[in-house]
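In: Quick one: sequence plus predicted model below, questions after.
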Number of protein chains: 2
Amino acid sequence: MSIASDLIRGHTDTIILARLMGGDNYGYEINKSIQQKTDGKYELKEATLYTAFRRLEQAGCISSYWGNERTGARRRYYSITDSGRDTYEKLIREWQSAKEMINKLIETEED
Amino acid sequence: MSIASDLIRGHTDTIILARLMGGDNYGYEINKSIQQKTDGKYELKEATLYTAFRRLEQAGCISSYWGNERTGARRRYYSITDSGRDTYEKLIREWQSAKEMINKLIETEED
DNA sequence: CAAATATACCTTGACAGGCGAGGTATGTTG
DNA sequence: CAACATACCTCGCCTGTCAAGGTATATTTG
């Protein structure tokens, strides 16, 4: 483990929504892309991932449908909704201000 | 409420240690300084604060002693230990890399 | 062809941290 | 003396993470 997951906690939904902003995708692939983007330093645990999908779908941020693969295991694809796009933008703004706040709070003042 | 507390979760310990890097202090005052630094946008809930003190003391990051106030309510002062200083530095480094990682993961790629 | 591996999904139950609600005690101020 | 500010504390709930376990399909390998 390279990164304490409590630091990422609260960003799971944002991360998933961000991946879906680029187009429909399915769970396994989304997680792969997260691993790739972080050079293997981070991944969502499956239980966390699927819990998040349920939560986001319940909240109306995403919708899902089964793919009609002719081969390989079946895939459930997720699609971001308009409401999900709004939520995403909101979460991004919250992250920007939270980031500044944390920076301010965790640094010792010495000028 | 202005900031989702899940975004701060995982930083509580770092925030407290940062405050103690500047010298011994007590709970109530630490929380006040956090409110001031964030222009009232954030504060640690008392239950969260005292839970964190217990946790940090248990972990050997801080030690405590009762102040000998002649007036007003009694205060329990906290002091950061050498181990606490090490932990603080480590947490800062973790935050730096987590920050980059999150930035990478929550932005949609469009160049 | 059987076994192993990769893909792909899912659920359950435990755990940890945040926090609402409630409590204690002291000193000041109207 | 009542109200308020300071200052501490605990209990029990809630939510998100995740280890462990499970299912099903297709491909590779001996």
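Out: Yep, it's here.

In: Every contact and neighbour count from this point should use C-alpha atoms.
Out: Will do.

In: for the longest helix along chain A, packing partners?
Out: Across chain A, the helix with the greatest residue count (assigned by DSSP state H) is helix A:82-106. The criterion is 3 or more CA pairs under 8 Å, 6 or more residues apart in numbering or on different chains; DSSP states H and E, and the helices and strands that helix A:82-106 contacts are helix A:12-21, helix B:12-21, helix B:27-37, helix B:82-106.

In: neighbouring contacts of it?
Out: A:14, A:17-18, A:21, A:60-62, B:3-4, B:7-8, B:11, B:14-15, B:17-19, B:34, B:37-38, B:92, B:99, B:106 (CA atoms under 8 Å, 6 or more residues apart in numbering or on different chains).

In: Ok, stretch A:62-76 next?
Out: By CA under 8 Å, 6+ apart, stretch A:62-76 touches A:26-27, A:53, A:56-57, A:77-81, A:84.

In: Can I get the buried part of those as one PyMOL selection?
Out: If you want just the buried ones from these in PyMOL, going by 16 or more other CA atoms under 10 Å in any protein chain shown, the selection is:
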select buried, chain A and resi 26+27+53+56+57+77+78+79+80+81+84
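
In: what about A:Arg70, how many neighbours?
Out: The burial metric for A:Arg70, expressed as a neighbour count using other CA atoms under 10 Å in any protein chain shown, is 7.

In: you'd agree A:Tyr78 is up against A:Leu20?
Out: Yes - because the distance of 7.4 Å satisfies CA atoms under 8 Å, A:Tyr78 is recorded as touching A:Leu20.

In: thinking again about what came up before, now the helices and strands packed on helix A:82-106 as a markdown table including distance to DNA strand D?
Out: Putting the helices and strands packed on helix A:82-106 into a markdown table (distance: least, CA to the nearest atom of the strand, whole Å) gives the following:
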| stretch | distance to DNA strand D |
| --- | --- |
| helix A:12-21 | 5 |
| helix B:12-21 | 13 |
| helix B:27-37 | 3 |
| helix B:82-106 | 12 |
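
In: how about a markdown table for those, with distance to B:Thr71 and mean pLDDT added?
Out: As requested, these are exported to a markdown table (distance: least, CA to CA, whole Å; pLDDT from 0 to 100):
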| stretch | distance to B:Thr71 | mean pLDDT |
| --- | --- | --- |
| helix A:12-21 | 48 | 96 |
| helix B:12-21 | 23 | 96 |
| helix B:27-37 | 16 | 93 |
| helix B:82-106 | 31 | 94 |
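
In: Distance to B:Leu49 added to those, as a markdown table?
Out: As requested, the helices and strands packed on helix A:82-106 are arranged in a markdown table below (distance: least, CA to CA, whole Å):
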| stretch | distance to B:Leu49 |
| --- | --- |
| helix A:12-21 | 25 |
| helix B:12-21 | 8 |
| helix B:27-37 | 7 |
| helix B:82-106 | 17 |
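
In: out of the ones you listed, nearest to A:Glu46?
Out: Shortest separation from A:Glu46 across these is recorded for helix A:12-21, at 12.0 Å, computed as CA to CA.

In: so what does that closest one touch, helix or strand wise?
Out: Contact partners of helix A:12-21 among helices and strands, from 3+ CA pairs under 8 Å, 6+ apart: helix A:46-58, strand A:76-80, helix A:82-106, helix B:82-106.
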